[in-house]
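S.K.: Sequence plus the predicted model coming up.
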Amino acid sequence: MFGDLAPSVSVLLASVVGGLLALIVSLWVSWAIIRGAVLSALRKHSDEQRAHERASRGGQPISQ
């Protein structure tokens, strides 16, 4: 009775699982790209702040 439906159900299940995996991978890649851009911007901002602070102290390096 359900023998004719088995291949259709298998294809449907495989396509749903494949779609979910593709969604997860694309979200993960997007997260990695956005995270890299944010960290790069924060690093650049930090370097600019240090340079500004150094310049306001008359060229003295920042002591840590």
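M.R.: Perfect, thanks for sending it.

S.K.: in the protein, which ranges drop under the pLDDT threshold?
M.R.: Residues of the chain meeting the criterion pLDDT under 70: 1-3, 59-64.

S.K.: Swap in 90 and give it another go.
M.R.: Low-confidence segments of the chain (pLDDT under 90): 1-10, 53-64.

S.K.: Tell me where it has helices.
M.R.: 6-56 (DSSP state H).

S.K.: List the contacts of stretch 39-47.
M.R.: Outside stretch 39-47, not one residue touches it by CB atoms under 8 Å, 6 or more residues apart in numbering. Any C-beta I mention is one placed from the backbone N, CA and C, and that applies to glycine too.

S.K.: quick one: buried residues of that stretch?
M.R.: Buried residues in stretch 39-47, counting neighbours by 16 or more other CB atoms under 10 Å, are absent.

S.K.: Tell me the spacing between Ala14 and His45.
M.R.: Ala14 sits 47 Å away from His45, going by CB to CB, to the nearest Å.

S.K.: I meant to write Gly18 there.
M.R.: Distance, Gly18 to His45, by CB to CB: 41 Å.

S.K.: swap in Leu13?
M.R.: Leu13 sits 48 Å away from His45, going by CB to CB.

S.K.: residues contacting Ser26?
M.R.: Contacts of Ser26 were listed using CB under 8 Å, 6+ apart, and none were found.

S.K.: what separates it from Ser15, distance-wise?
M.R.: For Ser26, the distance to Ser15 - CB to CB - is 16 Å.

S.K.: Take stretch 24-44, keep the C-alpha atoms, and write them as CSV.
M.R.: The C-alpha trace of stretch 24-44 is given here as CSV (Å, rounded to 0.1, in the frame of the first residue of the first chain):
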residue,chain,number,x,y,z
ILE,A,24,23.1,26.2,8.9
VAL,A,25,26.3,26.4,6.9
SER,A,26,25.4,29.7,5.2
LEU,A,27,24.5,31.2,8.6
TRP,A,28,27.8,30.0,10.0
VAL,A,29,29.8,31.5,7.1
SER,A,30,27.9,34.8,7.4
TRP,A,31,28.6,34.9,11.2
ALA,A,32,32.3,34.3,10.6
ILE,A,33,32.5,37.0,8.0
ILE,A,34,30.6,39.5,10.1
ARG,A,35,32.7,38.6,13.2
GLY,A,36,35.9,39.1,11.3
ALA,A,37,34.8,42.5,10.0
VAL,A,38,33.7,43.7,13.5
LEU,A,39,37.0,42.5,15.1
SER,A,40,39.0,44.3,12.3
ALA,A,41,37.0,47.5,12.9
LEU,A,42,37.5,47.3,16.7
ARG,A,43,41.3,46.7,16.2
LYS,A,44,41.5,49.7,13.9
